[in-house]
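Participant: Sequence and predicted model, in that order:
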Amino acid sequence: MNDPETYTQRDVIDWFDRTYAEHGFDYLRPVAAYPIYLQLLGAVPGERLLDVACGPGQLLRAAIARGVDATGVDVSAQAVAMARDALPDARVEEGNAEALPFDDASFSLVTCIGAIERMFDRPAALAEMRRVATPDARFCVMVRNANTLSWRIWRQWLDRQNRRGHQDALSLDAWTALFGDAGFAIDDVLPDQWFRQRVRRVLRGFRAPDVRRPEPVARGWLPLGVANEFIFVMRHAP
Ligand SMILES: C[S@@+](CC[C@H](N)C(=O)[O-])C[C@H]1O[C@@H](n2cnc3c(N)ncnc32)[C@H](O)[C@@H]1O
């Protein structure tokens with residue numbers, strides 16, 4: 001086994017470049033999984049959104065469909081090329097979340113889905129997200145939970161953690177502390193909605209949801225601390 005300490009940002013970029021080249025959009029959830037983040041933010045047409053670590057642009061596509069002015073940034077050149085190709089109406093830049101290539105106070109909505117746990121300097125990335133956001137901005141991030149059986153048994157005990165892609169997870173308390181220390185006020189925390197969205201898709205016979213109607217937001221009946229992933233809805237702390 002390789003020593004995880006030897007993996008660098010370059011390894012992460014190479015891993016994602018290769019994964020997107022081999023699997024394309026199939027590596028990610030389908031576009032139908034992404035409008036919920038915009039709904040949770042109350043995104044309205046004309047607002048400026050930045051999706052940090054946008055991958056090939058699934059959330060950007062959902063944002064454009066909602067009339068939002070969408071910008072994305074990702075460290076993988078392959079992801080950026082795919083997003084630019086698929087979404088000529090979006091602005092997509094290649095860059096590291098830890099040093100965003102945007103001016104201060106440029107966006108009223110900032111999202112980051114399934115990526116903060118991949119970053120090496122999370123406080124720097126969170127500070128950058130706040131820097132490029134307007135004072136009244138809303139933020140929505142989704143992060144992986146370390147307190148799940150799949151993480152503890154499959155990823156850690158059986159050593160299936162993708163270290164080359166810098167896959168990681170933290171507990172609900174640790175994420176909450178990280179965001180608080182970074183200067184965010186947390187408005188809401190929800191379990192990942194994708195399982196329930198998939199169940200609804202099956203019940204609808206795989207028809208796309210009516211995007212004019214808000215999706216039901218599920219809190220789940222299990223304790224939040226055991227969710228696979230957490231969705232944090234936040235703003236700048238006063
Ligand atoms: C699991 S994918 C999620 C992609 C996208 N957010 C989505 O949900 O469809 C993680 C993404 O984070 C990007 N990434 C990892 N570290 C990054 C960093 N430091 N700066 C910018 N992007 C990064 C990867 O290139 C990859 O596209």
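Facilitator: Arrived safely. Numbers count the residues shown, from 1 in each chain.
Participant: Over to the closest residue to V132 other than its chain neighbours. Which of the three states is it?
Facilitator: With sequence-adjacent residues excluded and distances taken as Cβ to Cβ, 6 or more residues apart in numbering, V132 is closest to F102, at 4.5 Å. C-beta here means a position set from N, CA and C on the backbone, and glycine is covered the same way. Here F102 is recorded as coil under DSSP: H, G, I helix; E, B strand; the rest coil.
Participant: can I get the CA coordinates of stretch 32-45 in PDB?
Facilitator: Extracted as PDB, the C-alpha positions of stretch 32-45 are listed here (Å, rounded to 0.1, in the frame of the first residue of the first chain):
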ATOM      1  CA  ALA A  32     -31.900  15.700 -11.500                       C
ATOM      2  CA  ALA A  33     -30.100  15.400  -8.100                       C
ATOM      3  CA  TYR A  34     -28.900  19.100  -8.200                       C
ATOM      4  CA  PRO A  35     -31.900  21.500  -8.200                       C
ATOM      5  CA  ILE A  36     -32.500  20.800  -4.600                       C
ATOM      6  CA  TYR A  37     -29.300  22.700  -3.600                       C
ATOM      7  CA  LEU A  38     -30.600  25.800  -5.500                       C
ATOM      8  CA  GLN A  39     -34.000  25.300  -3.900                       C
ATOM      9  CA  LEU A  40     -32.500  25.200  -0.400                       C
ATOM     10  CA  LEU A  41     -30.700  28.500  -1.200                       C
ATOM     11  CA  GLY A  42     -33.800  30.100  -2.600                       C
ATOM     12  CA  ALA A  43     -31.900  31.000  -5.700                       C
ATOM     13  CA  VAL A  44     -33.800  33.400  -8.000                       C
ATOM     14  CA  PRO A  45     -33.200  34.200 -11.700                       C
END
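Participant: hang on, the earlier thing: quick one, phi psi at the residue nearest to V132?
Facilitator: Per-residue torsions, F102: phi -140, psi 150 (degrees, to the nearest 10).
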